[in-house]
Structures are given as structure tokens and as C-alpha cells.
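> structure, please.
(2 chains)
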Amino acid sequence: MADRMTGSQHRVHDLLLIAAWTAGDADAAGSARADALVRRCDECRMLADDLREIRVATSALPAATRTRDFRLSAEDARRLGSRRRWLAALVGLGGARVARPLAGAMTALGLAGLLLVTLPTGQPAGSSRQAAPFGAGATGQPAASAATAPGAGASVAEPARASEGAVEGEGSPDPDQAAGQSPALPEPTGGHDTQATTAPPSKGTGEPLVEPEPSPDLVRPGIAAGSMVLIAAGLGLLALTRRRPRHEA
Amino acid sequence: MEDLRPTAVDDPVQRRDLYLVDRARDGDLDAFNDLVLAYQDHLFALVVRMVPDRDQASDAVQEAFFSAYRNLHSFRGGSVRSWLSRICVNAAMDAQRAKKRRPSQPYPELEDESWQPPAGEEADPLRTALATERTQAISSALGQITDDQRTAIVLFDIQGYDYAEIADMTGVSLGTVKSRIHRGRLALRSLLEDRMELFRG
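Sure thing, here's the model as predicted:
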């Protein structure tokens, strides 16, 4: 034992490693290091021994005697139970037969709502903007603007419109655009100009082309948000009603 | 659809517990109180080591049983003992936080007979005295380490839970549990350094 370490060297030794090693939690490399430390450093060896003794002493601590009976009285149960019943009634735990279908219906309705706002509207007489998906209504704004800008090359708008025309049976360009409406006008999306396309006789007569109606830009996010809430509520209710497994006696 | 219904439960104690939980959920207070009777000693012994004030520990255990009764519907199967222990650990941690706001002398009742190891009629007085002194020393040192370290050591060394169960109960990682236990033991050793002769041999 010519290479025994001194007390000053012990100060830099990894005591946490010794503690982990003593508990059997050191990995292979750590074990090898700890083993070397314990063999060569008296203080590390003493520390390891002491930690073992402390563990034994801690495990042998007597259990304290309880001084109170913790059973619930009928009054406690009534007080606590009333809260429980209120909660159960709220989430339908007392009637999973109702709550689960309700949760399923809410989730399905929410999904349907999301589907509604993410899919094209599918209006039979829709314009190019109606045919665009909801997301494209916002992101496709520059293309729509380009198509409606005065002097804008028809070729910019033509490909999309031509393809829609093939679907919808409309070969002619949108009269609004043909008339070169001001590009400063807000560009509606979705079904905004449904009426314009379904009521061609009014065009060019000086009458208002479009009746005021809620902007789809406001309606669709609302539907989307509502759908998300429905899905979240449905899934939450489903989760709550599934929290009560019955156990075999 | 996931079936939360436990499969065959071989452990008769666990089977009994699950049966009592089911009855308690149906409003049978006696069934719930049977669970209380089965576990109140164990849970009090657990909490009183974490919250070294017996009144606060008692309050924490009582609150834990109230909470368990209120939340019977949230029990998802498995070990009722672990579920109740988890609730008690949470209650004890709440009490620890409350105690920090109103600090008091740790382990003020160390002289209380109920803390002392039971002595048989033929017990050697010297050994009994030594055991008493060890208990007092280690209890006092336990009261001085951090709450997290004490909780981990109590759960592991005294209550016999494994690392994974402790991690689950205290909401920390396995590595953190180990680290708390190792650091806690090092802290205990540091606190007991001058009295280690009590424990050696």
C-alpha cells in the first residue's frame, strides 16, 4: 500500500460517487473509480462504511405511534360527498351512459366543424375565391389581388380561373374583375361573392352587387375555435368518464 | 378502447383493496374506513417522518384521507397502498411548505415515548439506551436535511419503496431520486460525524 492517499487528497475525492457506489447505483466506470478510491483512501473507505451504517440505522427507525383515528365520520363523508356528487354531476361521472355518447358527439361535432373550415366550400356556383381552401383565402390574397388589379395581365389569373371554369361550367371571367373593380376594395374570401355570381343580372345596373353579410374571415375562425373547444371538451369528458374502472372483487 | 380493468390480481391484499375502493365509490363509507384502518398506521409513520411535527403530520394524514375519499373516482387501478401513499406524500409536502413559512423546532417530541423503539422485558438496558440514542441522533439529523432529501430517504430507507415508486410519488426523475438519497445520506453523515461511534460496530 505504498500509494495510499492523504487526507488532503480526500478533499477532492468524489464523495457523491462513493455514496452512489455504496448504494449500488454507480455504473461500471464509476464503480471502478469508487473502488479504487475506497482501496487507496482511508477516509473514503470510512465514509463508505459510515454511509452503510447510516442506511441501516435509518431503516431501523421505529415507526411513530399514531395518536389519532383517521376514519371518516358520516358527517365528513356527507360534507366531502356533496362536493363529489357536484363534480360527478358536472362531468357526468354518475351517468357514464349519457356522458360518453355526449363526449363522442361533441368530439365528432368539433371534428366536423374543423373539416368544414378547412375544406373548400364546394358551392356549386362558387367563384375562384370560393373554391380556394380556407387557409388559401388568407395566404392566396396576393394572387387574388393580382387577378383583380387594373391592368393586371389576365394570364396571371387565367390558369386558376380556367380550371375552375372547367369544373363549374363558367367560361367567362368574373364580371367584377372584367369591370376592373377598384383593387382598394377589400378582397373577400370564401363565399363572399356567392351572390355576385348567382345574381348576374344585377351587375352593371348600379345596384349593390353584394349584400352585406358576416365576413368569412371572422366566421370561419370562429367556427374553428368553437370546433376546437368542442373537441377539447369532448375528449376531456371522455377521459373523465373513463377514469372509473371497476375492479374484480 | 383501452380497458382499464385490471387483469387477475393475485395479491389478496390488493384484491381486497380494490374491492373496498369499488364499494367506497358506491357510497359505502364503511368500506372506505376499512381502507383507512388498513393503512393509517403506515401512512402516519410515513408522514410523521417527513413532517417532524406530529400535529401537522396528523393533519396532513387526515387531509390525505379526505382527499382520497373525494377523489375515489380518479383511482385508476394498481396498488391502493401506493395511491394512498402518493396522496399522503403530496399532503406532507404541502405541510413541509407550510412549515417553512412558520418554522418551528424540528422534532420537538423526540423525548416522546412513542418515538422510542419498543423494549422487550428481557431487553438489555445498555442496548436499549444505545438504540434510543441512535434513534434520537438520526431523527434529529433527518430533521436538518432538506425536505426533498428527507422525503426520498424516508420513502426508500424507512418505507421500503423502490426508486421508480418514489419518482412516481414525488414527480421527479429516477436520477433525481437517487441523487437526493445519496446527497441526503452524505448530509446525514456530515451531521452525525461526531456521533458515528454510536452506529459503528
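
> helix, strand or coil for residue A:25?
Classification of residue A:25 by DSSP: H, G, I helix; E, B strand; the rest coil places it in coil.

> right, and it touches residue B:180 too?
No. The pair residue A:25 / residue B:180 is not scored as a contact, 11.9 Å apart, by C-beta atoms under 8 Å. To be clear about C-beta, it is placed using only N, CA and C from the backbone, and glycine gets the same treatment.

> who's more crowded, those two?
Counting neighbours by other C-beta atoms under 10 Å in any protein chain shown for residue A:25 and for residue B:180 shows that residue B:180 has the greater number, 24 against 18.

> list the helices and strands the helix ranked longest in chain A packs on?
What stands out as the longest helix in chain A, according to DSSP state H, is helix A:216-241. Using 3 or more C-beta pairs under 8 Å, 6 or more residues apart in numbering or on different chains; DSSP states H and E as the contact criterion, the secondary-structure elements in contact with helix A:216-241 are helix A:74-91, helix A:96-118, helix A:134-139.

> pLDDT value on the residue nearest the centre of chain B, please?
What sits nearest the mean C-alpha location of chain B, by C-alpha atoms, centre = their mean, is residue B:46, with 1.8 Å. pLDDT, residue B:46: 92.

> nearest spatial neighbour of it, skipping sequence neighbours?
Here the nearest residue to residue B:46 in space, its sequence neighbours aside, is residue B:159; by C-beta to C-beta, 6 or more residues apart in numbering or on different chains that works out to 5.3 Å.

> the one you found contacts residue B:82, correct?
No. In this structure, residue B:159 sits apart from residue B:82 without contact. The criterion is C-beta under 8 Å, and the distance is 10.6 Å.

> my read: residue B:163 touches residue B:177, true?
Yes. The pair residue B:163 and residue B:177 passes the contact test of C-beta under 8 Å, sitting 5.1 Å apart.

> need the residues touching each of those two.
Residues touching both residue B:163 and residue B:177 (C-beta atoms under 8 Å, 6 or more residues apart in numbering or on different chains) are residue B:156.

> compare residue B:159 and residue B:82 (neighbour count), which wins?
When neighbours are counted by other C-beta under 10 Å, residue B:159 and residue B:82 differ, and residue B:159 comes out ahead with 21 against 13.

> how near is that one to residue A:34?
When distance is defined by C-beta to C-beta, to the nearest Å, residue B:159 is 27 Å away from residue A:34.

> what of residue A:232?
Residue A:232 sits 51 Å away from residue A:34 when distances are taken as C-beta to C-beta.

> neighbour count for those two, which is higher?
With other C-beta under 10 Å as the criterion, residue A:232 and residue A:34 differ in neighbour count, and residue A:34 comes out ahead with 21 against 13.

> quick one: residues contacting the more buried one.
Here residue A:34 is in contact with A:14, A:17, A:18, A:20, A:21, A:26, A:44, A:48 (C-beta under 8 Å, 6+ apart).

> low-confidence ranges, the chain, go.
Because you didn't say which chain, this covers chain A. By pLDDT under 70, the low-scoring segments of chain A are A:1-8, A:82-98, A:121-217, A:241-249.

> ah, no, chain B please
For chain B, the stretches with pLDDT under 70 are B:1-9, B:100-123, B:201.

> domains of it?
Listed by automatic domain parsing, the domain ranges of chain B are B:1-106, B:108-201.

> please tabulate those domains in CSV, including the columns distance to residue A:236.
Listed next are those as CSV, based on distance: least, C-beta to C-beta, whole Å:
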stretch, distance to residue A:236
domain B:1-106, 14
domain B:108-201, 22
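
> of those, which is nearest residue A:61?
Proximity to residue A:61, assessed across the domains of chain B by C-beta to C-beta, is greatest for domain B:108-201 (5.8 Å).

> off-centre distance for the closest one?
If you compare the mean C-alpha spot of domain B:108-201 with that of the full chain, they lie 12 Å apart, counting by C-alpha atoms, centre = their mean, to the nearest Å.

> can you map out the strands along chain B?
With DSSP state E as the definition, chain B shows no strands.

> pull the residues that contact stretch B:176-191.
Residues outside stretch B:176-191 that contact it (C-beta under 8 Å, 6+ apart): A:15-16, A:19-20, A:22-23, A:25, A:47, A:50-51, A:54-55, A:58, B:138, B:141-142, B:144-146, B:148-153, B:156-157, B:163, B:166-167, B:170, B:172, B:196.

> list only buried entries from the residues you listed.
Restricting these to buried positions leaves A:15, A:19-20, A:22-23, A:25, A:47, A:50-51, A:54-55, A:58, B:138, B:141-142, B:145, B:148-153, B:156-157, B:163, B:166-167, B:170, B:172, with burial counted as 16 or more other C-beta atoms under 10 Å in any protein chain shown.

> tell me which of these fall in helices.
Counted as lying in helices by DSSP H, out of the buried ones among the contacts of stretch B:176-191, are A:15, A:19-20, A:22, A:47, A:50-51, A:54-55, A:58, B:138, B:141-142, B:148-153, B:163, B:166-167, B:170.

> fine, thanks again, bye for now.
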